[in-house]
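[1] whatever this is, show me its structure:
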Amino acid sequence: MSGKRGNGEGSIYPYKNGYAAYVWVTKPDGKRARKYAYGKTRDEVHGKWLALHAEAKRGPVATRHRTVAQFLAYWLDSIVRPNLAPLTYISYEGSVRLYIAPHLGPKRLDKLTVRDVREWLTKLADLCQCCAQGKDAKRRADHRRCCAVGECCEAYASKRVVQAARDALRAALTHAVTEEEIGKNVAALVRVPKPRRRRIKPWSVVEASRFLADAATRDDHLFAAWVLVLCFGLRRGEVLGLTWQSVDFANEVLYVDHQIQRAGREILHRETKTEDSDNFLPLPDLCLVALRMRRAQQDGDRKAAGDLWQDDRGLVFTTKYGTPIEPGNLTRMFQLRARRALIRVIPLRNTRHTVSALLVALGVHPKVAQRILRHSQISMTLDVYAEASDEDVRAAIDQLSALMRGGT
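    Numbers count the residues shown, from 1 in each chain. Next comes the predicted model:
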């Protein structure tokens, strides 16, 4: 054997204080180029040279690698912003800016390891974010009260924040794998503790009825909103995004297809999250009466505002000047109305669970409930139907207790 390697196999040669090697590879853009490897000994470089050959046989190989920060900036601007929902972009951008880039940003994308991600997540959970982000230091000198004056407030990231940061990195690296910049998604190999949600008991029929009765007696201008929330389980943004064009009084039908969202400094009136969220819902008498009352109230507001009226979308629920209602304000007003009616306060989003529980209690078929709640998959509806009510649990425990008592 001559010992010569074939054309294109590359070579190993002395380089500075060690050795170097290169392999001809095909780049993601289809062009051919040299990919180099370096080491202190010939054996070390030979191992890297063999690994490069194996990588080149599997597919395209990038010869220049970006840092994590550079790739994340490209991913946010070129992939997330044009293709995903505005709130998704805001969530990912916040995770990248506050939690990922400050720690992993300088690392080379192709050199990022599972260990790097695990150590970052551990550090993130144990690091005071007020100190890390300089929150207290950004205040005026006479308003600083904790970390900037030597008294750490221990504002650690919650489990939900840590999970969101890992999810954002995992989503970005998934795209890096798709573009063949890296071979595997190391963030997907690291598990984080799943935050536990506190279970909140939904309202009963009596509580929901008391809430609506109190709102009606007070001539609440959002009475129709509360009726729709408690009859159909509409989401907060869907209620605020309803237009009069979506209400068909003649055929007694409501079409849900838009929502109001706060995205940074903007309020957006956009389509609902999925096509399954769009649906025609038959309007019962209670909803029809409430919506007619709301239209009369809005006509009065429009006349009183005069030239100050600003509604150009035909929204059903607006402020007295025709502007969209802030989603956060609707949540606060719901809680205020519940306290005023002397009813147990639950989050506005939990009214969907209230509607689900009432449909179960009425024995409504799951497919009918799926259409009312506009679940994208029947499994979501069946999960609700599989939950046992407090009354069922109490009856079962009473039976078990009676059985035990009879056996003693």
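[2] which SS state does the residue nearest to Arg160 when sequence neighbours are not counted fall under?
    Of all residues beyond its chain neighbours, the one nearest Arg160 is Pro195 (4.5 Å), with distances taken as CB to CB, 6 or more residues apart in numbering. In short, each C-beta sits where N, CA and C put it, glycine included. With DSSP: H, G, I helix; E, B strand; the rest coil as the basis, Pro195 sits in coil.
[3] again with Gln310
    When classified by three-state DSSP, Gln310 comes out as coil.
[4] which residue, other than its chain neighbours, is closest to it?
    Of all residues beyond its chain neighbours, the one nearest Gln310 is Gly322 (4.4 Å), with distances taken as CB to CB, 6+ apart.
[5] residues in contact with stretch 69-89?
    With contact meaning CB atoms under 8 Å, 6 or more residues apart in numbering, stretch 69-89 is reached by 66, 92-93, 96, 100-101, 104-106, 109, 172, 175-176, 181, 261, 263-264, 266, 268, 270, 273.
[6] hmm, try it at 7 Å
    92-93, 96, 100-101, 105-106, 109, 172, 175-176, 261, 263, 268 (CB atoms under 7 Å, 6 or more residues apart in numbering).
[7] just those residues now: which is nearest Glu326?
    Minimum distance to Glu326 across these is 10.7 Å, recorded for Gln261 (CB to CB).
[8] tally of neighbours for the closest one?
    Residues near Gln261, counting by other CB atoms under 10 Å, number 20.
[9] chain neighbours aside, what residue packs nearest to it?
    With CB to CB, 6+ apart as the measure, Leu268 is the residue that lies nearest to Gln261, at 4.8 Å, once sequence neighbours are left out.
[10] that neighbour contacts Gly241, correct?
    No: under the criterion of CB atoms under 7 Å, Leu268 makes no contact with Gly241, lying 9.3 Å away.
[11] stretch 135-148: end-to-end distance?
    End-to-end distance of stretch 135-148: 8 Å, with CA to CA, to the nearest Å as the criterion.
[12] same question for stretch 21-34.
    Start-to-end, stretch 21-34 (CA to CA) is 10 Å.
[13] buried set for that stretch?
    21-25 (16 or more other CB atoms under 10 Å).
[14] quick check: mean pLDDT across it?
    Confidence over stretch 21-34 (mean pLDDT, whole number) is 82.
[15] contacts for it next, please.
    Contacting residues not belonging to stretch 21-34 are listed as 8, 10-12, 35-37, 45, 48-49, 52-53, 56, 60-63, 179-180 [CB under 7 Å, 6+ apart].
[16] tell me which of Leu268 and Gly241 has more neighbours.
    With neighbours defined as other CB under 10 Å, Leu268 and Gly241 compare such that Gly241 has more, 27 against 17.
[17] Provide the contact partners of stretch 182-196 at residue level.
    For stretch 182-196, with CB under 7 Å, 6+ apart as the criterion, the contacting residues are 109-110, 112-114, 117-118, 121, 159-160, 162-163, 166, 169-170, 173-174, 176-177.
[18] let's see that with 8 Å instead.
    Counting by CB under 8 Å, 6+ apart, stretch 182-196 makes contact with 55, 58, 109-110, 112-114, 116-118, 121, 158-160, 162-163, 166, 169-170, 173-174, 176-177, all of which sit outside it.
[19] equivalent analysis for stretch 339-346, please.
    200-203, 207, 210-211, 213-215, 218, 335, 338, 354.
[20] buried sites along it?
    Buried residues in stretch 339-346, defined by neighbour count with 16+ other CB under 10 Å: 341, 343, 346.
[21] same check, this time on stretch 296-307
    Neighbour-count burial for stretch 296-307 flags 297-298, 301-302, 305 (criterion: 16+ other CB under 10 Å).
[22] could you dump those residues to CSV with pLDDT and distance to Asn279?
    Written out in CSV, the entries for those read as follows (pLDDT from 0 to 100; distance: CB to CB, whole Å):
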residue, pLDDT, distance to Asn279
Gln297, 93, 26
Gln298, 93, 24
Asp301, 93, 29
Arg302, 92, 29
Ala305, 90, 33
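[23] mind listing which of those residues are in strands?
    Taking DSSP state E, every one of these sits outside strands.
[24] does Tyr22 belong to a helix, a strand or coil?
    Judged by three-state DSSP, the three-state class of Tyr22 is strand.
[25] just give the closest residue to it, not the sequence neighbours.
    Excluding its sequence neighbours, the residue lying closest to Tyr22 (CB to CB, 6+ apart) is Arg34, at 4.4 Å.
[26] mind listing the helices for the stretch 51-200 of the chain?
    When secondary structure is read from DSSP state H, counting those that start in this stretch, the stretch 51-200 of the chain shows helices at 68-75, 81-83, 86-95, 101-104, 114-126, 129-133, 159-178.
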